[in-house]
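**Q** Sequence and predicted model, in that order:
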Amino acid sequence: MDYQYPISLDWSTDETVDVIKFFECIEKAYEKGIDRDLLMSSYRRFKEIVPSKAEEKTICNEFEDVSGYSSYKAMQKAKQEEEASLIRMKL
């Protein structure tokens, strides 16, 4: 990983850590797969910190620009899977 996560100076330390955990979950979905429930849980926490759709899109696009990993596509796949399963993304 040779990039920085998009963060806001308005977030508390705990919020920053939780947003980074969400992006780490997205990375795992692309690199080796991640449990759907874990991904959904981290996304729910992310949405508590970033409730605005516009801000979410901006932050996730910044992350995709530096990492190549699409949070949007990973979450779409996780939402489509109704049962607990392993979410694996392909670049």
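**A** Structure received. Numbering: from 1, shown residues only.
**Q** report the longest helix in this protein, please.
**A** For the chain, the longest helix by residue count, based on DSSP state H, is helix 13-31.
**Q** could you give me the average pLDDT of that helix?
**A** Helix 13-31 comes out with an average pLDDT of 97.
**Q** which residues sit against the next helix-or-strand element following it?
**A** Going down the chain from helix 13-31, the next helix or strand is strand 34-35, by DSSP states H and E. Outside of strand 34-35, the residues within contact range by Cβ atoms under 8 Å, 6 or more residues apart in numbering are C25, K28, A84, S85, L86, I87. Heads up, the C-betas are built off the backbone N, CA and C, glycines and all.
**Q** and which of those residues is nearest D65?
**A** C25 (18.4 Å; Cβ to Cβ).
**Q** tell me the contacts of that closest one?
**A** I34, L38, L39, S42, Y43.
**Q** Would you mind putting those residues into a markdown table with pLDDT alongside?
**A** Listed next are those as a markdown table, based on pLDDT from 0 to 100:
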| residue | pLDDT |
| --- | --- |
| I34 | 96 |
| L38 | 96 |
| L39 | 97 |
| S42 | 98 |
| Y43 | 98 |
